[in-house]
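Undergrad: Build the 3D model from these lines:
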Amino acid sequence: MIKTALAGLPAYLLAAAPALAHHRVGHNGGPPRATQVPEIDASAGLLALAAVGAILLLTWERGRRRSSQS
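TA: Below you'll find the predicted structure:
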């Protein structure tokens, strides 16, 4: 149960970050200020997805090798 919760934690944090990004200390109840953010084009997005996929594959392979050694 704990392993499942810990495995889902990075996905939760990645999904929650944009939702929590507009929060600021001392918010007086008015509309949030607009903030400039870097634009992500398709190639940068694909590279990010490839990096996440590579990490997932390496983690899966590492677990598979550990289970086969036992």
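Undergrad: count of residues packed around residue 52?
TA: 13 (other Cβ atoms under 10 Å). No exception for glycine: its C-beta is placed from N, CA and C like everyone else's.
Undergrad: May I have the phi/psi pair for residue 37?
TA: The phi and psi values for residue 37, taken as degrees, to the nearest 10, are phi -130, psi 150.
Undergrad: Quick check: it vs residue 2, distance?
TA: Note on residue 37: its distance to residue 2, by Cβ to Cβ, to the nearest Å, is 35 Å.
Undergrad: which residues sit in contact with the spatially most central residue of the chain?
TA: Compute the mean C-alpha point of the chain, and by Cα atoms, centre = their mean the closest residue is residue 14, 2.9 Å away. When contacts are counted by Cβ atoms under 8 Å, 6 or more residues apart in numbering, residue 14 is found next to no other residue.
Undergrad: Check the gap between it and residue 67 for me.
TA: Separation of residue 14 from residue 67 (Cβ to Cβ) stands at 27 Å.
Undergrad: And for residue 52?
TA: 23 Å.
Undergrad: quick one on the thing from earlier: quick one: which helix or strand includes the residue nearest to the centre of the chain?
TA: Using DSSP states H and E, residue 14 maps to helix 2-20.
Undergrad: average pLDDT for that helix?
TA: Mean pLDDT, helix 2-20: 71.
Undergrad: next SSE after that helix?
TA: Following the chain from helix 2-20 toward its C-terminal end, the next helix or strand by DSSP H and E is helix 42-69.
Undergrad: what's the neighbour count on residue 41?
TA: Using other Cβ under 10 Å, residue 41 has 7 other residues around it.
Undergrad: Could you tell me the backbone phi and psi angles at it?
TA: With angles defined as degrees, to the nearest 10, residue 41 shows backbone torsions of phi -90, psi 180.
Undergrad: And the pLDDT for it?
TA: Confidence at residue 41, expressed as pLDDT, is 87.
Undergrad: swap in the one 3 residues further on?
TA: Reported pLDDT at residue 44 in the predicted model: 89.
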